[in-house]
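coords below, sequence missing:
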Ligand SMILES: Nc1ncnc2c1ncn2[C@@H]1O[C@H](COP(=O)(O)OP(=O)(O)OP(=O)(O)O)[C@@H](O)[C@H]1O
Ligand SMILES: [Mg+2]
């Protein structure tokens, strides 16, 4: 079948794409922020000796790591509003699903990063008279963070890709906008090609940076 | 003389493993006590109980005349003590510890390492922390390496930074756990000399070492630890030259064969 390429029809809708790009970035940035923040506490809770903390934290992590992100988003959009008194729009549902998902994965990155720090560092900090929080903040986290950065960047890449799942609950991110454009213009080939390229241009530089960082880190250790 | 450290019937078990079995020890202010013993005899555990890196199973420890913790019971000689973490944190801040593997903070310069305790633990004003860092780095002969990161220092230099880091807390007692065991032989001397100068200045110290020559020249008292008990203790001449116990003799003979060159350092 002969296809006549018509990218013109995509670019005349650049406003829609731009809004979509903005929403994609917004969703990714918000979820990454929340995920990084919550993940630290969930990770700490999961490895605390207190069962009231570590059991719920473990359940949380396992549930979010072992169910599809798509199901999580749909659950917050379609199921959660029924059992909660809140009204939930598509952005909120997507944010809930993706930031909790990210928090679960980040908590594991924190754990691995912290466990990679030699015991002697805890000991030296403790022997100086530091409290647990001080040991963590001044000695362990600054070292562990450096090692965690590549993993967090990979998480950011995954998250950026996962934002496209929010199109199923009609959140106006890139893929949802593409759906709209291709319905109006009957040009799915061109529209989805352009959207794919936009994702690639956003993500590829991060992927290259991760590889560079990993190489640098491995050389320094 | 005043009693700086008093250990009374100290026991420490890890699960079923009894590591320390009734240690009694008194250390006067300004004394240098060297602890000898074969691997696994409990030397590190003893040191780590003194600054409560390990919590004693039973027994009483008093530092500068002040017993640590609250005594719960004293049944058949076993002294049970309750500890509050906040008190132990305070103790650790006044007892310096130097580790076999230095354990410097690799993300801080030598200067940063030495400033860290005064800054984070003592919460002194920045200027005073800097002054302390300069003072103590100069004291260990590393004024010119202040801005180097640990990775760019030799083992001997790293260990001296670690000593400065402990000294910057202006501790009343210093603990050294095999401070030179991880060093190349040619770097051992500089660290021993640093420790020696502290002894000469009257710092109270507990030192675990395998450097017998150093022990002989620096110790005011030598302990020989075996299977969690102090088998023998006394002046260096008594324990190192005229040991009474067969085990001590065997230990010294085993070490003398290849540790002899250390005797040249006095
Ligand atoms: N945290 C711990 N948990 C369980 N067992 C321990 C622990 N720390 C020490 N031990 C055990 O206690 C015993 C004494 O250990 P310790 O480190 O005090 O010996 P040491 O005299 O310092 O030996 P070395 O000369 O090898 O350093 C050993 O059998 C050791 O395995
Ligand atoms: Mg030891």
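Nice, thanks for sending it over. This structure is a prediction, so every number in the text was calculated from the model and none was measured. Ligands and ions are numbered 1, 2, ... in the order given.

Where do the helices of chain A begin and end?
Using DSSP state H, the helices of chain A run over A:8-11, A:14-46, A:51-65, A:69-74, A:80-83, A:90-115, A:119-127, A:132-134, A:141-162, A:174-185, A:188-220.

Would you indicate which residues of the fourth one are buried?
Buried residues in helix A:69-74, counting neighbours by 16 or more other C-beta atoms under 10 Å in any protein chain shown, are found at A:69, A:72, A:73, A:74. C-beta coordinates here come from the backbone N, C-alpha and C atoms, glycine included.

what distance separates the start and the end of stretch B:209-229?
From its first residue to its last, stretch B:209-229 covers 17 Å (C-alpha to C-alpha, to the nearest Å).

how would you label the nearest residue to residue B:219 once chain neighbours are set aside: helix, strand or coil?
Counting by C-beta to C-beta, 6 or more residues apart in numbering or on different chains, the nearest residue to residue B:219 once its immediate chain neighbours are dropped is residue B:34, at 4.0 Å. Assigned by DSSP: H, G, I helix; E, B strand; the rest coil, the conformation of residue B:34 is strand.

mind pulling up the phi and psi values for the closest residue in space to residue B:167 that isn't next to it in sequence?
In space, and not counting its chain neighbours, residue B:167 is closest to residue B:136: 4.7 Å by C-beta to C-beta, 6+ apart. When read as degrees, to the nearest 10, the backbone of residue B:136 gives phi -80, psi -30.

Same question for residue A:116.
phi -80, psi -10.

How about chain B: which residue is closest to chain A?
Residue of chain B nearest chain A, by C-beta to the nearest C-beta: residue B:93 (3.0 Å).

so what's the closest residue to that residue other than its chain neighbours up against?
With sequence-adjacent residues excluded and distances taken as C-beta to C-beta, 6+ apart, residue B:93 is closest to residue A:129, at 3.0 Å. Shown in contact with residue A:129 (C-beta atoms under 8 Å, 6 or more residues apart in numbering or on different chains): B:89, B:90, B:92, B:93, B:94, B:117, B:121, B:169.

one more time with 6 Å, if that's ok
B:89, B:92, B:93, B:121 (C-beta atoms under 6 Å, 6 or more residues apart in numbering or on different chains).

shaky segments in the chain?
Assuming you mean chain A. Low-confidence segments of chain A (pLDDT under 70): A:1, A:219-221.

not quite, I wanted chain B
Along chain B, segments meeting pLDDT under 70 span B:1, B:256-266.

Sketch out the helices for it, chain order is fine.
Counting by DSSP H, the segments of chain B that form helices are B:43-50, B:85-94, B:110-116, B:126-139, B:155-167, B:185-200, B:212-218, B:236, B:246-259.

Tell me if I'm right that residue A:113 and residue A:150 touch.
No - counting by C-beta atoms under 6 Å, residue A:113 stays clear of residue A:150, with 10.3 Å between them.

sorry, back to before: how about the helices of chain A, which one is nearest chain B?
With C-beta to the nearest C-beta as the criterion, chain B lies closest to helix A:119-127 of these, at 3.7 Å.

still on that earlier bit, now the contacts of residue A:129 as CSV including neighbour count and distance to residue B:30?
Putting the contacts of residue A:129 into CSV (neighbours: other C-beta atoms under 10 Å in any protein chain shown; distance: C-beta to C-beta, whole Å) gives the following:
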residue, neighbour count, distance to residue B:30
B:89, 18, 26
B:92, 21, 21
B:93, 20, 21
B:121, 20, 25
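
Can you tell me which of these is nearest residue B:233?
Relative to residue B:233, the closest of these is residue B:92; by C-beta to C-beta it sits at 25.9 Å.

Distance check, residue A:185 against residue B:153.
Counting by C-beta to C-beta, to the nearest Å, the separation of residue A:185 from residue B:153 is 66 Å.

Adding distance to residue B:26, write the helices of chain A out as TSV.
TSV is the format used below for the helices of chain A (distance: least, C-beta to C-beta, whole Å):
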stretch	distance to residue B:26
helix A:8-11	86
helix A:14-46	42
helix A:51-65	43
helix A:69-74	64
helix A:80-83	67
helix A:90-115	40
helix A:119-127	23
helix A:132-134	32
helix A:141-162	40
helix A:174-185	75
helix A:188-220	47
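
Point to the residue nearest the middle of chain B.
Chain B has residue B:175 as the residue nearest its centroid, 1.6 Å off, counting by C-alpha atoms, centre = their mean.

Chain A against chain B: which residues are in contact?
Residues of chain A lying close to chain B by C-beta under 6 Å from any C-beta of the partner chain are A:120, A:124, A:127, A:128, A:129, A:130, A:131, A:134, A:138, A:139, A:142, A:143.

ok, residue B:180 touching residue B:188?
Yes - Residue B:180 lies in contact with residue B:188 (C-beta under 6 Å); the separation is 4.5 Å.

Mind checking which of those two has more residues around it?
Per other C-beta atoms under 10 Å in any protein chain shown, whichever of residue B:180 and residue B:188 has more neighbours is residue B:180, with 25 against 22.

contacting residues for that one?
Remark: with contacts taken as C-beta under 6 Å, 6+ apart, residue B:180 is in contact with B:188, B:191.

any idea how far it lies from residue B:186?
Residue B:180 sits 11 Å away from residue B:186, going by C-beta to C-beta.

Residue B:19 now?
Taking C-beta to C-beta, one finds residue B:19 at 34 Å from residue B:186.

do the same with residue B:159
Relative to residue B:186, and taking C-beta to C-beta, residue B:159 is found at 13 Å.

what about the strands in the stretch 1-150 of chain B?
Under the criterion DSSP state E, counting those that start in this stretch, the stretch 1-150 of chain B contains strands at B:3-14, B:17-28, B:32-36, B:58-63, B:66-67, B:70-75, B:78-82, B:95-98.

Quick check: neighbours of the fourth one in the sheet, parallel or antiparallel?
Using DSSP bridges, the strands paired with strand B:58-63 in its sheet are strand B:3-14 (antiparallel), strand B:66-67 (antiparallel).

Return the most buried member of those strands.
Of those, the one with the most neighbours on average (mean count of other C-beta atoms under 10 Å in any protein chain shown) is strand B:3-14, at a mean of 18.

how big is the angle separating that one from strand B:78-82?
100 degrees (axes from the mean of the first three to the mean of the last three C-alpha atoms, to 10 degrees).

is strand B:3-14 anywhere near ligand 1?
Yes - contact between strand B:3-14 and ligand 1 is present through residue B:14 (criterion: C-beta under 6 Å from any ligand atom).

what's in contact with that strand?
Applying C-beta under 6 Å, 6+ apart, the contact partners of strand B:3-14 are B:19-20, B:22-23, B:25-27, B:29, B:45, B:49, B:56-64, B:77, B:79, B:204.
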